[in-house]
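Peer 1: predicted model and sequence below, questions to follow.
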Amino acid sequence: DSGVTQTPKHLITATGQRVTLRCSPRSGDLSVYWYQQSLDQGLQFLIQYYNGEERAKGNILERFSAQQFPDLHSELNLSSLELGDSALYFCASSETPGLAGTGELFFGEGSRLTVL
Amino acid sequence: GENVEQHPSTLSVQEGDSAVIKCTYSDSASNYFPWYKQELGKGPQLIIDIRSNVGEKKDQRIAVTLNKTAKHFSLHITETQPEDSAVYFCAALMFSGGYNKLIFGAGTRLAVHP
């Protein structure tokens, strides 16, 4: 158990809809990262937050947004969903904002989104 | 650009054999290279990492080598066991847009057959 909790584990929805994925980082970790893993694809970096502030952006679509709350949990919002958004979405946390320390990311078990 | 290439995409070995996975990266300034293992239904988990000030690091049956000149690094698993079967991801820490980002390779699906 990595200590990172993601909900829901599975989500099935229709095209055009909006969903919210939630992540609770490990106790004490201030940084939260979101990654997308499509079928047989690697981990695509979406966005990073540190202590409530956006820190780095990757290949995140404009239809997607995220935030980190004062209690450090994070939410990834996916809107106007398309078939191609079907994927496994991982949240990870780390102690340091820029991976300057050990660099280890602790991943949750992911939220599997299926868009029909 | 930010890119990490990983080969092979699939690897099948017999139990007891060695397995080697290779990665190349694009940013010569990268200085941190972790390897993650993803078991079925789980999130990736760090198994070993290496920093640019060393050329090789070993932890029991796994080792990682780094060639900074050629911008490539490799994971070596010796005496493979069925429980080594998983997807392995290499990654490189890259500085882009003012921030450090951990960029992952596409993954290698390793199957160890008894």
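Peer 2: Arrived safely, thanks for sending. Numbering: from 1, shown residues only, chains lettered A, B, ... in the order given.

Peer 1: and the residue of chain B closest to chain A?
Peer 2: residue B:43 (3.2 Å; CB to the nearest CB). All C-beta spots, glycine's among them, are computed from the backbone N, C-alpha and C.

Peer 1: quick check, stretch B:61-78 touching chain A?
Peer 2: No - Stretch B:61-78 stays clear of chain A (CB under 8 Å from any CB of the partner chain), getting no nearer than 13.5 Å.

Peer 1: report the buried residues of that stretch.
Peer 2: For stretch B:61-78, the neighbour count (16 or more other CB atoms under 10 Å in any protein chain shown) marks B:62-66, B:71-77 as buried.

Peer 1: contact distance from chain A - what residues of chain B qualify?
Peer 2: Near chain A, when you scan chain B using CB under 8 Å from any CB, you find B:6, B:32, B:34, B:36, B:41-46, B:49, B:89, B:93, B:97-107.

Peer 1: rewinding a little: out of the buried residues of stretch B:61-78, which are inside strands?
Peer 2: Among the buried residues of stretch B:61-78, the residues falling in strands (DSSP state E) are B:62-66, B:72-77.

Peer 1: redo those residues as CSV? Include pLDDT.
Peer 2: Listed next are these as CSV, based on pLDDT from 0 to 100:
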residue, pLDDT
B:62, 97
B:63, 97
B:64, 97
B:65, 96
B:66, 95
B:72, 95
B:73, 97
B:74, 98
B:75, 98
B:76, 98
B:77, 98
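
Peer 1: out of the residues you listed, the closest to residue A:19 would be?
Peer 2: residue B:75 (35.1 Å; CB to CB).

Peer 1: residue contacts, the residue lying farthest from the centre of chain B?
Peer 2: Distance to the chain centre peaks in chain B at residue B:98, reaching 25.1 Å (criterion: CA atoms, centre = their mean). In this structure, residue B:98 makes contact with residue A:56, judged by CB atoms under 8 Å, 6 or more residues apart in numbering or on different chains.

Peer 1: how about chain A: which residue is closest to chain B?
Peer 2: Counting by CB to the nearest CB, chain A gets nearest to chain B through residue A:107 (3.2 Å).

Peer 1: how about the nearest residue to that residue, chain neighbours excluded?
Peer 2: Once flanking residues are discounted, residue A:107 sits nearest to residue B:43: 3.2 Å by CB to CB, 6 or more residues apart in numbering or on different chains.

Peer 1: any stretches of chain A with poor pLDDT?
Peer 2: Where chain A drops to pLDDT under 70, the residues are A:40, A:96-103.

Peer 1: so who does the residue nearest to residue A:18 when sequence neighbours are not counted touch?
Peer 2: Once flanking residues are discounted, residue A:18 sits nearest to residue A:79: 4.2 Å by CB to CB, 6+ apart. Taking CB under 8 Å, 6+ apart, we find residue A:79 in contact with A:18, A:63-65.

Peer 1: and the longest strand for chain B?
Peer 2: Counting residues, the longest strand found in chain B (DSSP E) is strand B:86-96.
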